[in-house]
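Student: how would this look folded up:
(chains A and B)
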2 protein chains.
Amino acid sequence: MSELTIKGKNSKAASAVLSKLKTTEKNRILLKVAENLVKNSSYILEKNAMDIQNARKAEIKESLIDRLLLTEERIAGMASGLTQISDLDDPVGEVLYMKERPNGLKIGKKRVPFGVIGIIYESRPNVTIDAFGLCFKTSNAVILRGGKEAINSNIALVNIVQNTLEEMDLPREIIQIVEDTSRETANEMMKLNQYLDLLIPRGGAGLIQAVVNNSTVPVIETGIGNCHIYVDKSADLDMAVKIADNAKTHRTGVCNAAEKLLVHKDVADEFLPRIFEVYTAKEVEIRGDEELKPFSDNIVAATDEDWSTEYLDMIIGVKIVDSLEEAIDHINLYGTGHSEAIVTDSYKNSQKFLDEVDAAAVYVNASTRFTDGEEFGFGAEIGISTQKLHARGPMGLEELTSTKYIIFGNGQIR
Amino acid sequence: MSELTIKGKNSKAASAVLSKLKTTEKNRILLKVAENLVKNSSYILEKNAMDIQNARKAEIKESLIDRLLLTEERIAGMASGLTQISDLDDPVGEVLYMKERPNGLKIGKKRVPFGVIGIIYESRPNVTIDAFGLCFKTSNAVILRGGKEAINSNIALVNIVQNTLEEMDLPREIIQIVEDTSRETANEMMKLNQYLDLLIPRGGAGLIQAVVNNSTVPVIETGIGNCHIYVDKSADLDMAVKIADNAKTHRTGVCNAAEKLLVHKDVADEFLPRIFEVYTAKEVEIRGDEELKPFSDNIVAATDEDWSTEYLDMIIGVKIVDSLEEAIDHINLYGTGHSEAIVTDSYKNSQKFLDEVDAAAVYVNASTRFTDGEEFGFGAEIGISTQKLHARGPMGLEELTSTKYIIFGNGQIR
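Tutor: Numbering: from 1, shown residues only, chains lettered A, B, ... in the order given. Just a heads-up that it's a prediction; the model follows:
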C-alpha cells in the first residue's frame, strides 16, 4: 500500500473516534495544542531554519522566503488562532430544522462532519495549524499535503499536534501530513475518493487549476480573484477614488484586491486624473489601451491577456466603458467570480449590477477587500470559494460540515 | 469546435437570458410545455416507436424496454409533473439572511441559479422532461446526454420544449440534447468545466461510478443504495416484520429499498422465522451464512461481495449480529451512505444509531422507502445525493441553486 492509502485508511478510522468528541473536549484540545506550540517554539524554529536554509540554497526569492519564515511572534499568532477557533460556536450537531410529515414521520436535517478532508497547499506553514484548527473544530480528520519548501516546519508542527492528541488519548491520525512532497503524491491524493470526502486546494492559480482539472475527489475551488471596481456615471467620485485606491493598494497579494478598474465614459474625464494621481503617487503601474493616454504619461499598453490576469501586485488594468451593460459583460467574461464592486448613486444600476454580475460577492459602494471570513463575521476562514457547489465566498466552520437527515418514526411503512 | 463545445457556449449565453426571467414567466412556460407535450403525443409516440423497434432488434430485455416505452398516459404523467413544478415555490432570489456588520456594511446571502447543469442518464425518456422542469424552474440551462436507446424519444421531447421556448421568444438553447450518444461525448461532458457548473449522473451504479471517477466538473453523486434494516434486541417484532417486509418488497428496483437485514442475536430465534415466512411467500431470495440454516431450507450461501451489493431485485442479504456496535460497523463498512434504519425500543440505542451511522438518511422505526423528495415534502426531486458536498439525501429545487453574497455599503474601505 502507498503512503497515501495507509494514511487514508488511518484517517477514516481516526475520524470515527473524532466524531464522538464533545465540543468542550475539542475546545480543551485546541487550547492545549496552542499551549504546546508556544512551549515548543525553539523546536519549531530549529526545523524552520532548515527550510529557510534550503530555500536560500535554492535561491528562492525573498518574498517567498518571508512566507516560509516562522518567528516566535508568528508561532504565537498560530496559537492565538487556535484559541479564537476554540471560542467559536461548534456547528456540528445543530439540527437546522425538524418538521412533522402528514404520516407522523419527524424529519430533521442535522449538521455533521464531512469525515476526512484533504488540503493541498503551498509554502506557508501557518496553513498547517489553521487547517488543523478549523477541521478539528468541525470534527473532521485532515490529511495535509504542503509544499516541499516548508516540509520540515510542517512535520514539526504536525508532530506537536499529534503528540498533544496522544497525550489526550486520541489517535495521532486525526491529523496527518504527507511526507513525500513529489507531484505524484499530490496527484494520488486527487484520486483518493475511497478515503477523502473533500479536497481543498490553497495557493496560487496554478495549483488550484491543477487540482480542479485532475481531482475526482469533490473539490472546493478557492481564491483566484480577478476583481473589478466599476465606477458608474452617477458615482460619488470622492467615494470612488477612496474605494478604487483601497481595493488596489491596501494589500496587493490577496485574492480580494482589485485588479481592474472600469470607468463609465461620462465620468472618465473627471475621475481618471484623480485616481491616476493617487496610483502614481503609490507607484501603481497602470495598464490600458490608447484611450487612457490623454490622462497619464505612464500607461503601459494592455494585452488581451491582461484582462483576465490576477496580478497580486501594484498593477491595475483600467478600461473606459460605454455603459453599465458593457461593464457587466466585461466582468462576467473576464472575472473569476470572486468579488466585484460598483460605485454608483443610481438605485436601478445598483440593482442591475447585484442581479447580473455572476460572482461570490457583489458590492455596492464598498471595497472588494471585505470578502473575508472575519470581515463577514464568521470568525475564521478556510478559504474563499469561487465555485458554486456547496460553498461560495468566504468559508467558515459551517462550510466544513455536511448534513444528514434524521428520521423519527413509529412504524411507518409505504 | 466539437458538438459539446458549441452547445456549452450556447447554453452559457442562454442561461444569461434565463436568469432574468421572473417566476410567473417561468411558470407560464412550464404550463405551455405541458400543454404542448400532450398536444404532440402522436409525434412523440411515433419517435418512441422507433426506439422500441431498435431495442427489440437489439434483443434488449423486456424490463428495460418497459422503461423506454412511452404511452399517452406516460406523456400525460410527464406533463402533469411540469404542472406540479409550476406550483412549487421558486427558490431563486430568496435572501437567506441579511445582517449589518459593525462597520455598517449590510451583507446578505441570496439564492441564485448555478448557470448550466449537465445531466447524464440512461434509458428512461421521462428524465428528459423532469430534468428540464426542475432546471428551468431554478433558472438553470441544461445540457442532456441520455442513453442511445432513447435517443429518438429524447430528441422529440427536447424539440417540443425548444419550439415552445421559441414561441415565447426565448433561446432554444435553454435546453439542449447531445445527439451523439457515443461514450466519447459522455467523457467530453465530464471535462467541460468551462461551460458546465454542475454535472448530475442519473442511472445505475456503473454510470454513476464512471462519472464520479472521470469528471472534473463538480458532480453530485446520486442514487446507489445498499440500504440496511437493523432489528435491535429491544425491537417491537411486529413492527420489525412490517418494516423489513415493506423496505424489501414494496418496490425492488428503487435505491431506497432495503438490500440487507441485520438481526440482533437475542431476537434471531423469534424474528427470523417470522420474516422468512413473509419473504418466502413473496418469493424473496434469502442470502446468508451457515447460521441462517436452522431458520429456513432455502438459504443461498452469501459471498463477501453480497454484503456490498445493491440487488435492486427480490433478493435480501441477512446477517445475525452480536451487538448494536457490530451492526453500525457493518453498515458503515458495506453501506453506500444512502438510507439506514434501526427498529428498536431502546432510547439509548436509537440515539447511538442516529449519531454513528454515516448515511444521507438515518431512520428509527420506519421503512427506508421514505427517502424520496415527495415523501420529504420537497414536491419534486432530481435525485438522491449520496455524497456529502452541497447536497445529501433527496434533492429538490433548493439543491439546484447556489448562493451569492450581496453587499450594500456607503463608501466602506479597509
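
Student: walk me through the domains of chain A.
Tutor: With automatic domain parsing as the criterion, the domains of chain A are listed as A:3-221+A:388-408, A:227-370.

Student: ok now the longest one, how far from the chain's centre?
Tutor: What it means is domain A:3-221+A:388-408. Here the centre of domain A:3-221+A:388-408 is set off from its chain's centre by 13 Å, with CA atoms, centre = their mean, to the nearest Å.

Student: that one near chain B anywhere?
Tutor: Yes - for domain A:3-221+A:388-408, a contact with chain B is found by CB under 8 Å from any CB of the partner chain, at A:16, A:19-20, A:99, A:101, A:105, A:107, A:112, A:114-115, A:193, A:197-198, A:212-216, A:218-220, A:388-390, A:392-393, A:402-408. Just so you know, the C-beta spots here come from the backbone N, C-alpha and C atoms, and that holds for glycine as well.

Student: hey, where'd the helices end up in the stretch 201-350 of chain A?
Tutor: Assigned by DSSP state H, counting those that start in this stretch, the helices in the stretch 201-350 of chain A fall at A:205-214, A:237-249, A:265-281, A:324-334, A:347-356.

Student: of all those helices, which one is nearest residue A:366?
Tutor: For those, proximity to residue A:366 was assessed by CB to CB; helix A:237-249 is nearest, at 6.9 Å.

Student: what's the neighbour count on residue A:214?
Tutor: Counted with other CB atoms under 10 Å in any protein chain shown, residues neighbouring residue A:214 total 15.

Student: try residue A:130
Tutor: Neighbours of residue A:130 under the rule other CB under 10 Å: 22.

Student: just checking, residue A:208 touches residue A:222?
Tutor: Yes - between residue A:208 and residue A:222 there is a contact under CB atoms under 8 Å: 6.6 Å.

Student: who touches both of these two?
Tutor: Counting by CB atoms under 8 Å, 6 or more residues apart in numbering or on different chains, the shared contacts of residue A:208 and residue A:222 are residue A:201.

Student: what is the helix or strand harbouring residue A:52 packed up against?
Tutor: Assigned by DSSP states H and E, residue A:52 falls within helix A:41-57. Secondary-structure packing of helix A:41-57 (3 or more CB pairs under 8 Å, 6 or more residues apart in numbering or on different chains; DSSP states H and E): helix A:62-68, helix A:72-87, helix A:151-167.

Student: ok, residue A:207 - contacts?
Tutor: Here residue A:207 is in contact with A:120, A:121, A:122, A:201 (criterion: CB under 8 Å, 6+ apart).

Student: tell me who's in contact with the third one.
Tutor: In this case it means residue A:122. By CB under 8 Å, 6+ apart, the contact set of residue A:122 is A:146, A:147, A:149, A:202, A:203, A:204, A:207.

Student: just to revisit the earlier point, nearest to chain B among the contacts of residue A:207?
Tutor: Chain B lies nearest to residue A:201 out of these, by CB to the nearest CB, at 13.0 Å.

Student: tell me, how many residues neighbour that closest one?
Tutor: Residue A:201 - counted by other CB under 10 Å - has 26 other residues nearby.

Student: re the thing from before, state the mean pLDDT of the helix holding residue A:52.
Tutor: Here helix A:41-57 scores 97 as its mean pLDDT.

Student: show me the contact partners of that helix.
Tutor: A:37, A:64-65, A:68-72, A:75, A:125, A:149-153, A:155-157, A:160.

Student: check contacts around the residue of the stretch 151-300 of chain A found nearest chain B.
Tutor: Nearest residue of the stretch 151-300 of chain A to chain B (CB to the nearest CB) works out as residue A:246 at 3.6 Å. Residue A:246 makes contact with A:367, A:369, B:413, B:414, according to CB under 8 Å, 6+ apart.

Student: name the residue in residue A:208 and residue A:222 with the higher neighbour count.
Tutor: More crowded of residue A:208 and residue A:222, by other CB under 10 Å: residue A:222, with 25 against 21.

Student: surely the more buried one meets residue A:205?
Tutor: No - using CB under 8 Å, residue A:222 is not in contact with residue A:205; the gap is 10.7 Å.

Student: dump the contacts of residue A:122 to JSON lines, plus pLDDT.
Tutor: JSON lines is the format used below for the contacts of residue A:122 (pLDDT from 0 to 100):
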{"residue": "A:146", "pLDDT": "95"}
{"residue": "A:147", "pLDDT": "93"}
{"residue": "A:149", "pLDDT": "94"}
{"residue": "A:202", "pLDDT": "89"}
{"residue": "A:203", "pLDDT": "84"}
{"residue": "A:204", "pLDDT": "83"}
{"residue": "A:207", "pLDDT": "90"}
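
Student: and the residues of domain A:3-221+A:388-408 next to chain B, which of them are buried?
Tutor: A:16, A:19, A:105, A:107, A:112, A:114-115, A:193, A:197-198, A:212, A:215-216, A:218-220, A:388-390, A:392-393, A:402-408 (16 or more other CB atoms under 10 Å in any protein chain shown).

Student: returning to what we had before: just want the angle from the helix holding residue A:52 to helix A:151-167.
Tutor: Interaxial angle of helix A:41-57 relative to helix A:151-167 (axes from the mean of the first three to the mean of the last three CA atoms, to 10 degrees): 160 degrees.

Student: what sits against the closest residue to residue A:299 other than its chain neighbours?
Tutor: Closest residue to residue A:299 apart from its sequence neighbours, by CB to CB, 6 or more residues apart in numbering or on different chains: residue A:292 at 4.6 Å. For residue A:292, the residues meeting the contact criterion (CB under 8 Å, 6+ apart) are A:272, A:286, A:299, A:318, A:320.

Student: residue contacts, the residue lying farthest from the centre of chain A?
Tutor: Taking CA atoms, centre = their mean as the measure, the residue most remote from the mean C-alpha position of chain A is residue A:411, 46.1 Å away. When contacts are counted by CB under 8 Å, 6+ apart, residue A:411 touches B:236, B:239, B:242, B:243, B:365, B:366.

Student: now with 7 Å, please.
Tutor: Neighbouring residues of residue A:411 by CB atoms under 7 Å, 6 or more residues apart in numbering or on different chains: B:239, B:242, B:365.

Student: sorry, back to before: buried deepest among the helices of the stretch 201-350 of chain A, which one?
Tutor: Highest mean neighbour count among these (mean count of other CB atoms under 10 Å in any protein chain shown): helix A:237-249, with a mean of 22.

Student: so how far is that helix from its chain's centroid?
Tutor: 24 Å.

Student: and the angle for it with helix A:265-281?
Tutor: Helix A:237-249 runs at 50 degrees relative to helix A:265-281, counting by the same axes, to 10 degrees.

Student: I'd like to know which residues of the stretch 251-400 of chain A are adjacent to chain B.
Tutor: Within reach of chain B by CB under 7 Å from any CB of the partner chain, the stretch 251-400 of chain A has these residues: A:354, A:359-367, A:369-370, A:376-377, A:387-390, A:392-393.

Student: that concludes my questions; thank you for your assistance.
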